[in-house]
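Q: here is the input, now give the coordinates:
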Amino acid sequence: MHRLTTSFILGYHGCSEDVAEQLLAGKPFHISQNDHDWLGSGIYFWQANPHRALSFAREVKRRRKEEWPPAVVGAVIDPGLCLDLASEVGVEAVKAAHTSLIKIYAKGGKPLPQNTGGKDLLQRFLDRAVIETLHDIRNGVDENGLPFEPIDTVLGIFIEGSPIYENSGFYQKTHIQICVRDPKRIKGVFRVRASDIA
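A: Numbering: from 1, shown residues only. Sure thing, here's the model as predicted:
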């Protein structure tokens, strides 16, 4: 975890046009708490990627077989204390949380949750459980009896989709997501220009 991000992050949230207008009018974001959320509970944004946010909104619409126009809203995010899964410290913290989760499930005699959903592991039951275990650990105290500071945001890089050409190390849907745990870290919401998602 760190506070090394020196500026705000622009995040993009895919949703319906109706929800986008409500968010722009000041309604709070819905906190996602699905058992398969990749980065745990929170408000999800695609970092610097309004196109991917719109694609996601279209995928949700298609999957749910609903009829609504997809849209994107932008947000200015102050990462605060960030669990950055692109940093060595963040990765080590998650590895330690996984070890704790194994012990918890073994003590309860239950099998660990598993990630499912093909090669992209679209249903991240295990990853969510690990991230939530880390948050639970941080709700406690350190070796000196002092409370840990809660994590404000979680940032992850995900390699997803097909290679963009033969023998490529680059993938069609690679992206950075940020999960905002503390809604106060969202400093503003803005309308995305049509030219930014055209």
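Q: need the contact partners of the helix ranked longest in the chain.
A: Looking across the chain with DSSP state H, the single longest helix is helix 88-108. Residues from elsewhere that reach helix 88-108, judged by C-beta atoms under 8 Å, 6 or more residues apart in numbering: 1-2, 82-85, 111-112, 129-131, 133-134, 137, 155. Using the backbone N, CA and C atoms, a C-beta is placed for each residue, glycine as well.
Q: list buried residues within these.
A: Those of the contacts of helix 88-108 that meet the buried threshold are 1, 82, 83, 84, 85, 129, 130, 131, 133, 134, 155, by 16 or more other C-beta atoms under 10 Å.
Q: which ones among those map onto strands?
A: Judged by DSSP state E, these include 82, 83, 84, 155 as members of strands.
Q: widest-spaced pair of those residues?
A: 83 and 155 (7.1 Å; C-beta to C-beta).
Q: what's the next secondary structure element after the longest helix of the chain?
A: strand 115-116 (DSSP states H and E).
Q: what pairs with that next one, parallel or antiparallel?
A: Paired neighbours of strand 115-116 in the sheet (DSSP bridges): strand 123-124 (antiparallel).
Q: list of residues touching the strand it pairs with?
A: With C-beta under 8 Å, 6+ apart, strand 123-124 has contacts from 36, 37, 38, 115, 116, 117.
Q: name the SS class of the second one, please.
A: If I follow you right, that is residue 37. Secondary structure for residue 37, judged by DSSP: H, G, I helix; E, B strand; the rest coil, is coil.
Q: surely residue 68 meets residue 15?
A: No - Residue 68 lies out of contact with residue 15 (C-beta atoms under 8 Å); the separation is 9.2 Å.
Q: who's more crowded, those two?
A: For residue 68 versus residue 15, the count of surrounding residues by other C-beta atoms under 10 Å is larger for residue 15: 23 against 14.
Q: show me what whichever strand or helix holds that one is packed against.
A: Applying DSSP H and E as the criterion places residue 15 in strand 9-16. Secondary-structure packing of strand 9-16 (3 or more C-beta pairs under 8 Å, 6 or more residues apart in numbering; DSSP states H and E): strand 43-47, helix 50-64, strand 70-77, strand 175-180.
Q: residues touching the nearest residue to residue 140 once chain neighbours are set aside, list them.
A: Closest residue in space to residue 140, ignoring its immediate chain neighbours: residue 148 at 6.5 Å, by C-beta to C-beta, 6 or more residues apart in numbering. By C-beta under 8 Å, 6+ apart, the residues touching residue 148 are 137, 138, 139, 140, 141, 142.
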